[in-house]
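Chemist: I would like to see how this sequence folds:
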Amino acid sequence: MQRAVNKQGESILLFRQSQKTIAEWKQDKGRFYCPACQKKVIIRSGEKVIPHFAHLPYRECLLGGGGEGAYHERGKLQLFKWLSRFDMQVELEVYFPEISQRADIFIQVDQKKIAVEFQCARIAQEEIINRMEGYKTIGIESIWILGAKYLKQKGAYTFQANHFLDTFIRSSPNKHYPQLFFYDPFISEMAVLHHLYPLQTSKIFAKQLVYPLHQLHFKHLFQKEKIPGSFTAYWVKEVRYLRTKIEKSYGTIYQLRRWLYNKGYLFQCLPSICFMPIPYHTSVPAPFYKWQTELYVSCLAHLKTGDRVEIAELENLLYSFYSKDMIDFSDALQHYLQLLHQSGYIEIRSSTILRTNQKITSYSSQEKAFQGDQSFFHSFFSEKKAKYEHDYPLLRYTK
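Modeler: You can find the predicted model right below:
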């Protein structure tokens with residue numbers, strides 16, 4: 001850690017001291033104390049060690065762990081110096097005794113208070129959520145910037161996903177436009193993922209932007225970005241992969257294929273509406289293509305023009321496939337129905353849907369399905385691109 005209290009009760013930031021002063025303090029064994037536990041701390045420094053305060057061995061303190069290695073220390077200092085360039089109050093390592101938590105960096109913008117955490121160690125979901133909730137109880141929002149090692153790109157718009165990243169996406173301060181932030185202190189670059197769509201439990205579809213830190217303004221982190229024109233081609237490619245993927249007998253797609261075959265359908269020829277992208281913040285743990293297919297085959301495929309169905313009935317239909325205690329379909333279903341409404345297949349009337357006369361195309365061959373997906377998703381992403389045309393709400397949740 002960088003902050004400690006000297007024997008006069010003064011708060012000391014070590015990185016602001018000269019090498020000569022640090023060396024003198026080490027030689028004289030100056031007395032410094034942890035701001036949280038008030039126990040003695042010592043200075044550690046060297047050719048490969050960024051000067052920092054450390055607890056003595058076997059001393060327990062809530063600030064004594066949590067990824068305080070060279071990578072974390074370097075990144076935290078770089079982020080602090082970067083944020084200090086802007087017109088806002090910025091402090092390093094601020095301890096909040098009422099919740100027994102310390103923010104890596106603390107920001108105040110007008111009346112808004114923000115804790116910035118540079119998270120380099122993988123910790124339990126429960127601990128992350130508890131820390132986020134702790135800040136909220138004292139009126140502080142939190143922004144989490146992850147170490148770059150957690151950003152693993154698999155394709156042009158695909159990235160590795162896991163439960164660790166899932167926690168930060170679903171707890172994003174902006175619920176309707178979640179983002180992921182990654183920082184690499186060795187090359188001083190910030191990467192941001194926009195427009196997050198889950199593809200599989202281990203794969204996210206997203207747009208990545210990378211910024212050299214010296215060219216980035218803090219407020220620019222929070223602006224909405226355009227959906228790239230090439231999104232269509234890559235999403236169609238992912239859908240094509242799903243349509244043609246062959247799994248062993250225990251795989252999700254294999255079991256879905258068997259179920260469809262018994263119902264008189266072929267997975268590779270399903271309508272494009274069975275592969276609609278659902279934004280991460282409204283998604284559910286079940287594969288998006290699976291529950292959309294189950295909804296189509298069990299209900300939508302049988303609706304004639306003018307037929308009405310209660311939305312609650314559709315929700316109960318989904319719960320006939322999944323445990324209600326494990327999955328909440330309310331947001332995912334509502335968003336899916338909105339997409340069907342925007343595409344002209346249904347009209348939403350209060351708590352019901354009305355089937356329109358627009359035909360839902362079930363393809364006659366795999367090749368026809370590929371062509372149909374191309375046309376359908378080109379229109380789908382074109383509409384979404386227009387919606388996000390440089391919406392520029394700078395620092396949207398700090399003003």
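Chemist: beyond the longest strand seen in the chain, next helix or strand please.
Modeler: Longest strand in the chain, counting residues (DSSP state E): strand 189-200. Once the chain leaves strand 189-200, the next helix or strand it forms, by DSSP states H and E, is strand 203-212.
Chemist: following that next one, which helix or strand comes up?
Modeler: helix 231-244.
Chemist: return the set of buried residues in stretch 252-269.
Modeler: Within stretch 252-269, the residues that qualify as buried by neighbour count (16 or more other Cβ atoms under 10 Å) are 253, 256-257, 259-260, 265-269. In short, each C-beta sits where N, CA and C put it, glycine included.
Chemist: and I246, how many neighbours does it have?
Modeler: 8 (other Cβ atoms under 10 Å).
Chemist: let me fix that, I meant to ask about F288.
Modeler: That count, for F288 with other Cβ under 10 Å as the rule, works out to 21.
Chemist: surely it touches I278?
Modeler: Yes. With contacts counted by Cβ atoms under 8 Å, F288 reaches I278, the gap being 5.0 Å.
Chemist: residues touching T356, list them.
Modeler: Taking Cβ atoms under 8 Å, 6 or more residues apart in numbering, we find T356 in contact with 305, 344-347.
Chemist: write the ChimeraX selection for whichever of those are buried.
Modeler: Buried members of those, defined by 16+ other Cβ under 10 Å, are picked up in ChimeraX with:
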select :345,346
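Chemist: in JSON lines, list the contacts of T356 along with pLDDT, secondary structure and distance to K81.
Modeler: Shown next, in JSON lines, are those (pLDDT from 0 to 100; DSSP: H, G, I helix; E, B strand; the rest coil; distance: Cβ to Cβ, whole Å):
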{"residue": "T305", "pLDDT": "96", "secondary structure": "coil", "distance to K81": "63"}
{"residue": "G344", "pLDDT": "94", "secondary structure": "coil", "distance to K81": "52"}
{"residue": "Y345", "pLDDT": "96", "secondary structure": "coil", "distance to K81": "53"}
{"residue": "I346", "pLDDT": "96", "secondary structure": "strand", "distance to K81": "53"}
{"residue": "E347", "pLDDT": "97", "secondary structure": "strand", "distance to K81": "55"}
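Chemist: from the contacts of T356, which single one is nearest M326?
Modeler: I346 (27.2 Å; Cβ to Cβ).
Chemist: separation between the closest one and H378?
Modeler: 21 Å (Cβ to Cβ, to the nearest Å).
Chemist: again with V192
Modeler: In terms of Cβ to Cβ, V192 sits 26 Å off from H378.
Chemist: of those two, which one has the most company?
Modeler: Neighbour totals were compared for V192 and H378, and V192 leads with 23 against 15 (other Cβ under 10 Å).
Chemist: contacts only, for the more buried one.
Modeler: Contacts of V192 by Cβ under 8 Å, 6+ apart are 179-182, 208-211, 221.
Chemist: give me the helices and strands touching the strand or helix carrying E117, please.
Modeler: Using DSSP H and E, E117 maps to strand 112-119. Helices and strands touching strand 112-119, as assessed by 3 or more Cβ pairs under 8 Å, 6 or more residues apart in numbering; DSSP states H and E, comprise helix 70-83, strand 101-109, helix 125-137, strand 141-147.
Chemist: which residue ranges of the stretch 251-399 of the chain form helices?
Modeler: If DSSP state H, counting those that start in this stretch is used as the criterion, the helices of the stretch 251-399 of the chain fall at 252-263, 288-298, 311-319, 330-342, 366-387.
Chemist: not counting sequence-adjacent ones, nearest residue to V210?
Modeler: Nearest residue to V210 in three dimensions, chain neighbours excluded: A191, at 4.8 Å (Cβ to Cβ, 6 or more residues apart in numbering).
Chemist: surely the one you found is in contact with A206?
Modeler: No. Here A191 lies out of contact with A206, judged by Cβ under 8 Å, at a distance of 10.6 Å.
Chemist: and those two? Which one has more around it.
Modeler: The neighbour comparison of A191 against A206 (other Cβ under 10 Å) goes to A206, with 22 against 19.
Chemist: ok, for the more buried one, nearest residue in space, not its chain neighbours?
Modeler: L193 (4.3 Å).
Chemist: residues contacting L165?
Modeler: 146, 150, 180, 204.
Chemist: if you could redo that for L83, that was the one I meant.
Modeler: 90, 105, 107, 116, 218.
Chemist: partners of the helix or strand hosting the first one, with directions?
Modeler: Under the criterion DSSP H and E, the helix or strand holding V90 is strand 89-96. Applying DSSP bridges, strand 89-96 is found paired with strand 101-109 (antiparallel).
Chemist: let me know the angle separating the partner strand from helix 125-137.
Modeler: Computed by axes from the mean of the first three to the mean of the last three Cα atoms, to 10 degrees, the angle separating strand 101-109 from helix 125-137 equals 50 degrees.
Chemist: tell me the buried residues in strand 101-109?
Modeler: Neighbour count says strand 101-109 has 101-107, 109 buried, by 16+ other Cβ under 10 Å.
Chemist: now do stretch 132-142
Modeler: 132, 134-135, 140-142.
Chemist: output those residues as CSV; include the columns pLDDT.
Modeler: As requested, the buried residues of stretch 132-142 are arranged in CSV below (pLDDT from 0 to 100):
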residue, pLDDT
M132, 95
G134, 96
Y135, 96
I140, 95
E141, 93
S142, 94
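Chemist: which two among the residues you listed are spaced furthest apart?
Modeler: G134 and E141 (12.1 Å).
Chemist: contact partners for Q38?
Modeler: V5.
Chemist: which residues are in contact with stretch 315-332?
Modeler: 278, 281-286, 288, 291, 294-295, 298-299, 333.
Chemist: for ChimeraX, write the selection for the buried entries among those residues.
Modeler: Buried subset of those, written as a ChimeraX selection, criterion 16+ other Cβ under 10 Å:
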select :278,281,282,283,284,286,288,291,294,295,299,333
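Chemist: out of the contacts of stretch 315-332, flag the one nearest to K175.
Modeler: H281 (5.9 Å).
Chemist: so who does that closest one touch?
Modeler: Applying Cβ under 8 Å, 6+ apart, the residues near H281 are 169-170, 172, 175-176, 178, 196, 331.
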